[in-house]
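Trainee: Sequence plus predicted model, see below.
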Number of protein chains: 2
Amino acid sequence: MMVPYRERSDEELLSLLKGLNAEYEGYKAKKLNLNMARGKPSKEQLALSMGMMDVLGSQSDMCGEDGTDCRNYGVLDGIPEAKRLLGDMVGAPASAVIVCGNSSLNVMYDTVSHAYTHGVMGSTPWCRLPAVKFLCPAPGYDRHFGITEFFGIEMIPVEMTPEGPDIETVERLVREDEAIKGIWCVPKYSNPQGYTYAPETVRRMAALKPKAADFRIYWDNAYAIHHLYDEGDSLLDILEECRRAGSPDMVYEFVSTSKISFPGSGIASVISSERNLEDIRKQMSRQTIGYDKLNQLRHVRFFGDIEGVKEHMKKHAAILRPKFEAVLNTLEKELGGKEIGSWTKPRGGYFISFDGLEGTAAATVRLCREAGVVMTGAGATYPYGVDPRDRNIRIAPSYPTLEELKTAAALFALCVKKASVEKILDERGKG
Amino acid sequence: MMVPYRERSDEELLSLLKGLNAEYEGYKAKKLNLNMARGKPSKEQLALSMGMMDVLGSQSDMCGEDGTDCRNYGVLDGIPEAKRLLGDMVGAPASAVIVCGNSSLNVMYDTVSHAYTHGVMGSTPWCRLPAVKFLCPAPGYDRHFGITEFFGIEMIPVEMTPEGPDIETVERLVREDEAIKGIWCVPKYSNPQGYTYAPETVRRMAALKPKAADFRIYWDNAYAIHHLYDEGDSLLDILEECRRAGSPDMVYEFVSTSKISFPGSGIASVISSERNLEDIRKQMSRQTIGYDKLNQLRHVRFFGDIEGVKEHMKKHAAILRPKFEAVLNTLEKELGGKEIGSWTKPRGGYFISFDGLEGTAAATVRLCREAGVVMTGAGATYPYGVDPRDRNIRIAPSYPTLEELKTAAALFALCVKKASVEKILDERGKG
């Protein structure tokens, strides 16, 4: 039976550390150059969409279903068939969708920027307010936090649970504080945990009674159909729940094809109530004449409809599933029973969230890097890049090959062990 | 010999008007549906770029010249070969170029928005200032004015001349008023006149001594290589002139392929000094992971290099030139010697600027519309949509077929005559 590290004697730990150090030097000698930092699809996944490069050729009809010549100016908010495709990914009608450019991050940035410069549906622009705050379920997505930090918005961390953000805290804070204007959510296969918000959480989110009329839920449904297994998690439709709760305007949902077709060359959208969309269109009409309709058409011609997208996602799953399982198996085999870490077991999405002993995350990531494996920076999953307990690490298994990943995961587990032993010895004054 | 309208007797004009009215009713009976409102390429022009749909197929190498897989995340500011292609269009080195998304208008909006929310290279954000003003050479581009109006920036019209904006006024205003933060320029084949700034104007622009350290020239070089004739206008390189004048940071130049390949599916860029680009990248890095690199690659593969672009532009010119000439011939034939209007004779770009008698532009545009020909709204070429003399009309000859255009131009000339006679009679109390 495995004895937890903390229950081992100094002598046992020192001896263990000696072995770990030797093993670590062995890895260093291999001069690895691997990356588990970002949620990047692998080359094998990218190859799945190469057929999209053939659907629009010089002999193709370049008109959309309503006759629009997609090669020319016009159509501010997207061609109907692209709206339908993106809406179907989250169960929203085409009329609730605005199709934008190549990046949902950009759409989110623009949405926050617009509120900052012009307010939300006529509210005071945030730049004229003494304080603006966002709730940030944490650990969460670093690029969300990057946007709010850039606009000087105060970020309040809220604890994430397997059911979603600590909803009681969210309810209380938004009710009490008019400066709270938003909450960042990745509701399905959350970044980095892979948690899906429970129905109860979604209903209570929709039933929030914020003090600020311009409070919005920023619902980044980045992994809506990104299942690893045939039986995927299911998530309540937040727009529907908000309508039922009498707050149809309280949510902006963001959806894209970034991890379906090509990251950076996909199509992104914002999905919301008619009143919110009107507000967004007002700003968009000053910002652009229209987004890339040829790429919208290309996506629709390649996928056909939502069923085509779902079939496509099964191929992604077939590539990703063994990678997730390889990491999880390694973590279980190397770290199980040692009580030096816990980790999530996602059924979709792009990440595994690892919590080590307090005060070991930065050291673990540094050890990995020095041996040639780049992880997401420790702290990145928290607002301002500060993990108060220095324990969370995001693992992104998608990009390396399966073989590389096995090596990288083994090295990661080794670094966790080494950092943990050093930490425990340090606490005992034996470091 | 032609007798100017104003020198004709009441009786002559009333008789003339009777004939014009009959002719106008004849046009109305045709139930035309033509559009000379926007600078949209025609279908014939779009067809020139269809080969671009074949250069990236499912069997293609999708890597850029430095090995970047253009299908995946990354490369914030553009692939090197796309930077080079866009830079070469205006004589700038690739290192001075940031390649963005599908629309230079969007890049301009983002640049103004960024200054509004975060200032320019550390200056006070414009949203914190009591007043921000822009100089607006007028007549000018309505969508420029739309951006500044949206941000509550006070627009000060400056008279356009065939050599560019009235430079003495520009020099004096920027020297005196710290609230003036920018000037909108379309320096080559200007929108709507088709004027190209004279060397002296460019040099004096570059030598401006603005009171505001965050003053910038917004140099929208939209028609840099959009010649109608083999011998095109030439424009001094503003970045080079600004460097020489010791103000390398004073200009943002905007360049795109919108009217070269496909409007809405092209690539756009901002070109500037290294310090400005650093400032822009700081903001971009929060806004996006990167723009559409596949479309960047597609453009480079199709055009090859700047010589390929220039050859391509000759094909556009061959289609556009007869259209411009048809409009100009009609204007000369129908309006010459009547002293009821003057117009520009551009050697490139997308527009002809028409100045009628004072107080006739709105009436002329209305008459055209009621007979089935849509023109750019009267006033649109001025800040706030108000032409103080109500006389300027922008003519966009590109979109209709040559046959349609001849009809539309004849109707336009007729409406000018009718509105002019009515105006003169009205002034004489005979309306």
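Mentor: Alright, I've got the coordinates.

Trainee: quick one: the spatially closest residue to A:Pro139 that is not a sequence neighbour from B:Leu85, how far?
Mentor: In space, and not counting its chain neighbours, A:Pro139 is closest to A:Thr381: 3.5 Å by C-beta to C-beta, 6 or more residues apart in numbering or on different chains. Where C-beta positions appear, they are placed from N, C-alpha and C, glycine not excepted. According to C-beta to C-beta, to the nearest Å, A:Thr381 stands 39 Å off from B:Leu85.

Trainee: Check A:Leu235 too.
Mentor: Taking C-beta to C-beta as the measure, A:Leu235 and B:Leu85 are separated by 43 Å.

Trainee: Buried residues, stretch A:380-393. List them.
Mentor: Going by neighbour count (16 or more other C-beta atoms under 10 Å in any protein chain shown), the buried part of stretch A:380-393 is A:Ala380, A:Thr381, A:Tyr382, A:Pro383, A:Asp387, A:Asp390, A:Arg391, A:Asn392, A:Ile393.

Trainee: ok so, going back, of A:Leu235 and B:Leu85, which one has the most company?
Mentor: Neighbour count, other C-beta atoms under 10 Å in any protein chain shown: between A:Leu235 and B:Leu85, B:Leu85 has more, with 27 against 22.

Trainee: Show the pLDDT at that one.
Mentor: You'll see B:Leu85 listed with a pLDDT of 98.

Trainee: what element comes up after the helix or strand where A:Met160 lies heading to the C-terminus?
Mentor: Following DSSP states H and E, one finds A:Met160 within strand A:154-161. Beyond strand A:154-161 on the C-terminal side, the first helix or strand identified by DSSP H and E is strand A:164-165.

Trainee: Return the list of strands paired to that next one, each annotated with direction.
Mentor: In its sheet, strand A:164-165 lies beside strand A:154-161 (antiparallel), with partners assigned from DSSP bridges.

Trainee: neighbouring contacts of the partner strand?
Mentor: For strand A:154-161, contacts defined as C-beta atoms under 8 Å, 6 or more residues apart in numbering or on different chains pick out A:131-140, A:145, A:148-149, A:165-166, A:169-170, A:173, A:179-180, A:183, A:190, A:193, A:195, A:382-384.

Trainee: Buried ones in that strand, by neighbour count?
Mentor: Within strand A:154-161, judged by 16+ other C-beta under 10 Å, the buried ones are A:Met155, A:Ile156, A:Pro157, A:Val158, A:Met160.

Trainee: now do stretch A:258-275
Mentor: Residues of stretch A:258-275 classed as buried under the neighbour-count rule (16+ other C-beta under 10 Å) are A:258-273.

Trainee: how about low-confidence regions in chain A?
Mentor: A:1, A:431 (pLDDT under 70).

Trainee: Would you quantify the distance from the residue nearest to A:Pro139 to chain B?
Mentor: Between A:Thr381 and chain B the distance, using C-beta to the nearest C-beta, to the nearest Å, works out to 17 Å.

Trainee: check which helix or strand covers that residue.
Mentor: Assigned by DSSP H and E, A:Thr381 belongs to neither a helix nor a strand.

Trainee: wouldn't it be in contact with A:Ala138 here?
Mentor: Yes. Counting by C-beta atoms under 8 Å, A:Thr381 sits close enough to A:Ala138 to count as a contact (6.6 Å).

Trainee: and the longest helix along chain A, how far out from the chain's middle?
Mentor: Of all the segments of type helix in chain A, defined by DSSP state H, the longest one is helix A:306-335. Average the C-alpha atoms of helix A:306-335, do the same for its chain, and the two points are 16 Å apart (C-alpha atoms, centre = their mean, to the nearest Å).

Trainee: what does stretch A:407-422 give?
Mentor: Its chain's C-alpha centre lies 25 Å from the corresponding centre of stretch A:407-422 when counted by C-alpha atoms, centre = their mean.

Trainee: So what touches it?
Mentor: Outside stretch A:407-422, the residues that touch it by C-beta under 8 Å, 6+ apart are A:5, A:13, A:16-17, A:20-21, A:23-24, A:27, A:30, A:32, A:34, A:36, A:326-327, A:330-331, A:333-335, A:338, A:340-341, A:354, A:356-357, A:360, A:363-364, A:367-368, A:371-373, A:375, A:395, A:397, A:400, A:431.

Trainee: Give me the subset of the residues you listed that lies in strands.
Mentor: With strands defined by DSSP state E, the entries of the contacts of stretch A:407-422 inside them are A:Leu34, A:Met36, A:Gly341, A:Phe354, A:Gly356, A:Val373, A:Met375, A:Ile395.

Trainee: check contacts around A:Lys345.
Mentor: Each residue near A:Lys345 by C-beta under 8 Å, 6+ apart is listed here: A:Gly194, A:Leu328, A:Ile352.

Trainee: which of these come close to chain B?
Mentor: The overlap between these and the neighbourhood of chain B (criterion: C-beta under 8 Å from any C-beta of the partner chain) is empty.

Trainee: TSV for those residues, including neighbour count and distance to B:Tyr229?
Mentor: Shown next, in TSV, are the contacts of A:Lys345 (neighbours: other C-beta atoms under 10 Å in any protein chain shown; distance: C-beta to C-beta, whole Å):
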residue	neighbour count	distance to B:Tyr229
A:Gly194	26	62
A:Leu328	18	68
A:Ile352	23	63
